[in-house]
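Asks: Quick one, what's the 3D model for this:
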Amino acid sequence: MRALGIDTSNYTTSIAYFSEQCVRSCAKLLPVKEGALGLRQSDALFHHVTRLPDLAKELFSEVEASDICAIGVSNRPRDVEGSYMPCFLAGESQAQVLAQVLKVPLYRFSHQQGHIAAAVWSAGRMDLLDAPHLAWHLSGGTTELLLVEPQVYAPKAQRIGGTEDISAGQLIDRTGKLLGLPFPAGKAVDALSRETDATDFFRVKLRGLEFSFSGLQNKTEQYFEKTASAEKTAQYALRSVIEAVLAVTRAAMKQYPDLPVVFSGGVASNSLLRELAGEFQPIFAKPEFSTDNAMGTAILAARQEH
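Replies: Coordinates of the predicted model:
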């Protein structure tokens with residue numbers, strides 16, 4: 001079980017090594033101009049191409065190439081027909097070259113499958129890759145509740161709920177821009193929200209297991225105008241997002257009783273979410289692996305060779 005993983009999402013370039021005895025991950029956020037809320041796909045692809053060699057050099061300074069038995073790479077956002085983003089071409093092309101040079105098998109996974117694998121592994125619950133469970137994928141581009149079921153190649157993740165428009169991460173980043181915080185704003189908004197005892201939030205309307213965050217953005221802007229408090233506004237935005245996620249989780253657990261709930265993705269590293277989700281006995285990725293998908297793809301590739 002010794003594998004290399006590569007992931008080139010629209011936010012981070014990452015490469016990782018996984019074995020039962022050793023793990024090593026090298027990752028770097030993509031540069032975003034001040035005041036911007038992300039990157040064009042062409043720019044993300046360029047930065048991945050230029051950064052992967054340096055990250056690979058860093059990783060291989062500690063890992064012997066001869067130890068690698070398989071390579072895993074994320075080549076699409078989600079495991080559904082039509083899911084595609086150009087930025088994943090950077091990682092896939094490098095993975096193809098490495099697999100040919102090292103003469104090892106190459107396995108392709110979705111970015112989302114990598115998130116799930118990294119989450120359950122870092123939480124010490126690898127058994128969930130062989131058992132049904134619910135999983136939230138909360139990130140800058142995705143807010144989805146998934147029914148995850150085991151299959152031979154990689155976990156099957158079926159969307160059963162989530163946002164119908166902007167994601168939790170987008171709402172948090174837009175709040176960060178409103179408050180003058182750098183992008184990505186997740187950590188800064190989280191830290192700022194802990195500086196107040198306020199507990200105000202906007203109750204997002206649910207439609208079954210679906211909801212919308214577009215109205216919440218307007219409510220957050222209005223709240224900031226009313227209070228003139230960055231701390232209270234950060235807390236308001238986060239708690240509003242979290243309360244919606246928790247309400248959907250409660251509803252889903254009635255439909256799928258007794259299934260454990262996993263929280264993955266960058267937003268899952270939020271400290272307030274971890275505090276308020278306690279009622280579900282949740283399974284959280286360690287914060288440092290909430291955003292790491294190279295490790296997830298390495299884990300999934302290693303499982304194919306076990």
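Asks: so how far is the longest helix anywhere in the chain from its chain's centroid?
Replies: Once the chain is assigned using DSSP state H, the helix that runs over the most residues is helix 230-255. Distance of helix 230-255 from the chain centroid (C-alpha atoms, centre = their mean, to the nearest Å) equals 17 Å.
Asks: same question for it, mean pLDDT?
Replies: When pLDDT is averaged over helix 230-255, the result is 98.
Asks: What residues sit buried inside it?
Replies: Along helix 230-255, the positions that meet the burial threshold by neighbour count (16 or more other C-beta atoms under 10 Å) are 230-242, 244-249, 252-253. Using the backbone N, CA and C atoms, a C-beta is placed for each residue, glycine as well.
Asks: Checking Lys28 next. Helix, strand or coil?
Replies: Following DSSP: H, G, I helix; E, B strand; the rest coil, we place Lys28 in the strand state.
Asks: Lowest-scoring secondary structure element of the protein by mean pLDDT?
Replies: Of all regular secondary-structure elements in the chain, judged by mean pLDDT, DSSP states H and E, the least confident is helix 287-290 with a mean of 86.
Asks: which stretches of the protein form helices?
Replies: 41-60, 88-102, 111-122, 168-178, 186-193, 214-227, 230-255, 271-276, 287-290, 294-304.
Asks: Out of these, flag the one nearest His137.
Replies: helix 111-122 (5.5 Å; C-beta to C-beta).
Asks: Over that closest one, what's the mean pLDDT, rounded is fine.
Replies: Mean per-residue pLDDT for helix 111-122: 95.
Asks: dump the residue contacts of the residue lying closest to Ser139 once chain neighbours are set aside.
Replies: Of all residues not flanking Ser139 in the chain, Gly265 sits nearest, at 3.7 Å (C-beta to C-beta, 6 or more residues apart in numbering). Contact analysis of Gly265 by C-beta atoms under 8 Å, 6 or more residues apart in numbering lists His115, Trp136, His137, Leu138, Ser139, Thr142, Gly169, Ser290, Thr291.
Asks: Could you export these as TSV, including neighbour count and distance to Ile299?
Replies: As requested, these are exported to TSV (neighbours: other C-beta atoms under 10 Å; distance: C-beta to C-beta, whole Å):
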residue	neighbour count	distance to Ile299
His115	34	11
Trp136	31	19
His137	31	16
Leu138	29	20
Ser139	29	18
Thr142	25	20
Gly169	23	23
Ser290	23	15
Thr291	26	15
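Asks: Just flag the most distant two among these.
Replies: With distances taken as C-beta to C-beta, the most widely separated pair in the contacts of Gly265 is Trp136 and Thr291, at 14.2 Å.
Asks: Span of stretch 77-96 from start to end?
Replies: Length of stretch 77-96, first residue to last, C-alpha to C-alpha, to the nearest Å: 18 Å.
Asks: Then stretch 67-81?
Replies: Start-to-end span of stretch 67-81 (C-alpha to C-alpha) is 34 Å.
Asks: And that stretch, what's buried?
Replies: Neighbour-count burial for stretch 67-81 flags Ile68, Cys69, Ala70, Ile71, Gly72, Val73, Ser74, Asn75, Arg76, Pro77, Arg78, Asp79 (criterion: 16+ other C-beta under 10 Å).
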